[in-house]
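In: Provided below are the primary sequence and the corresponding predicted coordinates.
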Amino acid sequence: MIIVGVDGSAPARAAVEWAADDALRMHQPLRIVHAVDRSPYQIAKFPTAEWPDALIRGGEKALAEALAVAHERQPSVEATTRLLEGTPAQVLQDEGRDATEIVVGSRGLGGFAGALLGSVSGHVAGQAPCPVVVVRGETGRRHDLITVGVDDSPACEPALPYAFEQARLRGSAIRAVYAWNMPVYAFAPGPHDMDAIRQAACEVIDEHLERYKKEYPQVSVTEEVRAAHPVDALRRASAESDLLVIGSHGHGALASVFVGSVRRGVLHHAQCPVAVVRAR
């Protein structure tokens, strides 16, 4: 089951189109979800009797429009709708427990986009139990290339099988990008073996990719080592990619400090859809 969150916005429409395409590739049903969040209107000073009906009508309209988009995009995909009450972040997490992936737009009307790109971005994209795809950038052009971020931590491990499977389903190539910041001592006087540092980075990539190259021999793989901040390197790579895949620990506050900052930066600045994948 693929879950797509909608709120009636244009980016939500793009998310539905992306999710419908992926549902067809994966042979999965599609569930279109809208969250009715009453909490912003539950203020004692103001009457709320009129709000529930208005919120429900707005949600039903958003769902009906999204269902029509899904049917138009991929008529053969089984698509259903669900209107749920709760905050977008919690609804996404609950729906994702048994889902193959969750798909949302990059910006919206304060609903799912706010949940992912706002103050709780680390909570949802890092803690959802399945891959979370944020659809952003121009999705009409095809590059036949999927970029996956690789580093020397276990955080990248869950991203690799997802990226390779997406590449197989699409008939696309994989580009693995390892970005490393220039060490401080490199700017100090004296000799420094930068070639050795680059070679070590290449060995890290090879170690991560070896298993998946054997499992997916039909997928072409290229490797890039860049001396740059990971967010900048991945942002640049996203300009010529159909999908950017990054991993996430999802193991609490300490991981969020190191991995979360890269995740947030990529989600805000990437020029193509981004998949955040954590280990189940």
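Out: Done, it's in.
In: every contact and neighbour count from this point should use C-alpha atoms.
Out: Noted.
In: next, the buried residues of stretch 59-77.
Out: 59-60, 62-64, 66-67, 69-70, 73-74, 77 (16 or more other CA atoms under 10 Å).
In: any idea where the strands of this protein begin and end?
Out: Ranges of strands in the chain, per DSSP state E, are 2-5, 30-36, 79-85, 101-105, 132-135, 145-150, 173-180, 221-227, 243-248, 274-278.
In: distance of Arg170 relative to Trp18?
Out: Distance of Arg170 to Trp18, computed by CA to CA, to the nearest Å: 13 Å.
In: mind checking which of the two has more residues around it?
Out: Here Arg170 and Trp18 are compared on neighbour count by other CA atoms under 10 Å; more neighbours surround Trp18, at 22 against 15.
In: for that one, give me its contacts.
Out: When contacts are counted by CA atoms under 8 Å, 6 or more residues apart in numbering, Trp18 touches 103, 135.
In: let me see the domain layout of the chain.
Out: 2-135, 145-278 (automatic domain parsing).
In: dump the ones you listed into a markdown table; add mean pLDDT as well.
Out: Formatted as a markdown table, the domains of the chain follow (pLDDT from 0 to 100):
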| stretch | mean pLDDT |
| --- | --- |
| domain 2-135 | 81 |
| domain 145-278 | 80 |
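In: mind listing the helices for the stretch 151-280 of the chain?
Out: Counting by DSSP state H, counting those that start in this stretch, the stretch 151-280 of the chain has helices at residues 159-170, 194-215, 230-238, 253-255, 261-269.
In: distance to Pro129 for these - can I get that in a markdown table?
Out: Output for those, formatted as a markdown table (distance: least, CA to CA, whole Å):
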| stretch | distance to Pro129 |
| --- | --- |
| helix 159-170 | 13 |
| helix 194-215 | 22 |
| helix 230-238 | 23 |
| helix 253-255 | 16 |
| helix 261-269 | 16 |
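In: who wins for proximity to Ile246 among the ones you listed?
Out: Nearest to Ile246, of all those, is helix 159-170, at 5.6 Å by CA to CA.
In: export that closest one as CSV, just CAs?
Out: Presented in CSV, the C-alpha positions along helix 159-170 are these (Å, rounded to 0.1, in the frame of the first residue of the first chain):
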residue,chain,number,x,y,z
ALA,A,159,18.6,4.0,1.4
LEU,A,160,20.5,1.7,-0.8
PRO,A,161,18.0,-1.2,-1.4
TYR,A,162,15.3,1.4,-1.9
ALA,A,163,17.3,3.3,-4.5
PHE,A,164,18.4,0.2,-6.3
GLU,A,165,14.8,-1.2,-6.4
GLN,A,166,13.5,2.1,-7.8
ALA,A,167,16.3,2.1,-10.4
ARG,A,168,15.3,-1.5,-11.4
LEU,A,169,11.6,-0.6,-11.7
ARG,A,170,12.3,2.5,-13.8
